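K.L.:
whatever this is, show me its structure:
(chains A and B)
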There are 2 protein chains.
Amino acid sequence: MKKITILVLALSLASGLLAQNQSVPYPDGYKEYKHIKTLIIKPEHSQADIFAGIHHIYANDKAYEGYKSGSFEDGSIVVLDYLKYEDANHTIYETSRNYVAVMYKDEKKYKDTKGWGYEAFAGDSKDKRLVNDVNKMCFNCHLPQEKSGYIFSKLRE
Amino acid sequence: MKKITILVLALSLASGLLAQNQSVPYPDGYKEYKHIKTLIIKPEHSQADIFAGIHHIYANDKAYEGYKSGSFEDGSIVVLDYLKYEDANHTIYETSRNYVAVMYKDEKKYKDTKGWGYEAFAGDSKDKRLVNDVNKMCFNCHLPQEKSGYIFSKLRE
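P.N.:
I've put the predicted structure just below:
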């Protein structure tokens, strides 16, 4: 019985985590959100295998208010539009898309990850989901950013 | 009399050009406009002395519609937020501002420059204007872009 209980708990947990991820919607129209900032990670960076490229950060109106106030209300959406780039003719310009990563605020639904749901969508796909371990792939790195609402980026001046 | 007439005409023209520039307002709140694209010009570029840095292009709602339709109506505003950058720790990130360049659409007011007024504001200033020769500094380069409404940038996918 004990083994079965553990199995049931494990399955229930796995299913819960899956459901949590699946519930983060693709952020339609995010390129019309507010642009927060842009940075570029170069191929020599220690985390280049997952982050080399152009990073555009966007926020919907609720999240934009959160950047200003420091407190993100439910419905806030922050998007990382993560693109490849070419460095040619002394110009760096964006090319194809690596993925679109999303943080979606819902205190109740995502209480296990401090109120934010995390997902990433491969390339230009709206349904090819990449996050299969939200703690390892997203939450653990965001956790230390508690003072800024678990968000890394800041509004630029 | 002939010399005086020419002088009067010249002064009138100069004053007209000055008035035209002065009438392009600082684009308050442009960082809340739609983000069109970003590119980076490196210090080795042939036009690095005036363009090396991060170029963020923003459009107000009217201009954003223009990017989609190909036709920019009066009141369209396109902004180039032109920033310095640091390249350190295999990361390129923006630092201080070079200038904010503005294109402001008014077919009647700016008929001499195909309907667009041009201006640039130094650093973080809202009144330190940089354009003292609109043809040489702005219009001549934009003129060949007639097919895209005299705008260089395109909406990204």
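
K.L.:
next SSE downstream of the lowest-mean-pLDDT helix or strand in chain A?
P.N.:
When the helices and strands of chain A are compared on mean pLDDT, DSSP states H and E, helix A:2-22 comes out lowest with a mean of 53. Under the assignment DSSP states H and E, the closest C-terminal helix or strand after helix A:2-22 is strand A:34-41.

K.L.:
and the angle for that next one with strand B:34-41?
P.N.:
If you take axes from the mean of the first three to the mean of the last three CA atoms, to 10 degrees, strand A:34-41 sits at 20 degrees to strand B:34-41.

K.L.:
mind checking how far the closest residue to residue A:106 other than its chain neighbours is from residue A:111?
P.N.:
Closest residue to residue A:106 apart from its sequence neighbours, by CB to CB, 6 or more residues apart in numbering or on different chains: residue A:74 at 5.2 Å. Using the backbone N, CA and C atoms, a C-beta is placed for each residue, glycine as well. As judged by CB to CB, to the nearest Å, residue A:74 and residue A:111 stand 12 Å apart.

K.L.:
who has more neighbours, these two?
P.N.:
Neighbours per residue (other CB atoms under 10 Å in any protein chain shown) separate residue A:74 from residue A:111, with residue A:74 holding more: 13 against 10.

K.L.:
hang on, the more buried one packs against residue A:104?
P.N.:
No: using CB atoms under 8 Å, residue A:74 makes no contact with residue A:104, being 9.2 Å away.

K.L.:
in which helix or strand does the residue nearest to residue A:106 reside?
P.N.:
Going by DSSP H and E, residue A:74 is not part of any helix or strand.

K.L.:
contacts only, for it.
P.N.:
Contact analysis of residue A:74 by CB atoms under 8 Å, 6 or more residues apart in numbering or on different chains lists A:105, A:106, A:107, A:108.

K.L.:
confidence score at it?
P.N.:
Listed pLDDT for residue A:74 reads 98.

K.L.:
look up how far residue A:115 lies from it.
P.N.:
When distance is defined by CB to CB, residue A:74 is 8 Å away from residue A:115.

K.L.:
how many residues are close by residue A:154?
P.N.:
Other residues close to residue A:154 by other CB under 10 Å number 11.

K.L.:
again, but for the one 3 residues further on
P.N.:
Burial of residue A:157 is recorded as 7 neighbouring residues (other CB under 10 Å).

K.L.:
so it sits against residue B:124, correct?
P.N.:
Yes: between residue A:157 and residue B:124 there is a contact under CB under 8 Å: 7.5 Å.

K.L.:
so which of the contacts of residue A:74 belong to strands?
P.N.:
Among those, the members found in strands (DSSP state E) are residue A:105.

K.L.:
tell me which residues touch whichever residue of chain A sits closest to chain B, please.
P.N.:
Closest to chain B within chain A is residue A:35: 3.4 Å, counting by CB to the nearest CB. For residue A:35, the contact set (CB under 8 Å, 6+ apart) comprises A:56, A:57, A:58, B:31, B:34, B:35, B:56, B:58.

K.L.:
OK, contacts around residue A:99?
P.N.:
A:82, A:120, A:121, A:122, A:123, A:130.

K.L.:
mind putting those into JSON lines with pLDDT?
P.N.:
Output for those, formatted as JSON lines (pLDDT from 0 to 100):
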{"residue": "A:82", "pLDDT": "97"}
{"residue": "A:120", "pLDDT": "97"}
{"residue": "A:121", "pLDDT": "97"}
{"residue": "A:122", "pLDDT": "97"}
{"residue": "A:123", "pLDDT": "97"}
{"residue": "A:130", "pLDDT": "96"}
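
K.L.:
contact residues of chain A facing chain B?
P.N.:
A:31-32, A:34-35, A:37-46, A:48, A:54, A:56, A:58, A:64, A:87, A:89-94, A:124, A:156-157 (CB under 8 Å from any CB of the partner chain).

K.L.:
from those residues, which would you call buried?
P.N.:
Buried members of those, scored by 16 or more other CB atoms under 10 Å in any protein chain shown, are A:31, A:34-35, A:37-42, A:54, A:56, A:58, A:64, A:91-94, A:156.

K.L.:
picking that back up, return the subset of the contacts of residue A:99 lying in strands.
P.N.:
A:82, A:120, A:121, A:122.

K.L.:
what's the burial count for the last one?
P.N.:
Residue A:122 has 14 neighbouring residues, counting by other CB under 10 Å.

K.L.:
next up, the contacts around it.
P.N.:
Going by CB under 8 Å, 6+ apart, residue A:122 touches A:99, A:128, A:129, A:130.

K.L.:
apply 7 Å and report the result again.
P.N.:
Contacts for residue A:122 (CB atoms under 7 Å, 6 or more residues apart in numbering or on different chains) come out as A:99, A:128, A:130.

K.L.:
low-confidence stretches in chain A?
P.N.:
Residue ranges of chain A with pLDDT under 70: A:1-22.
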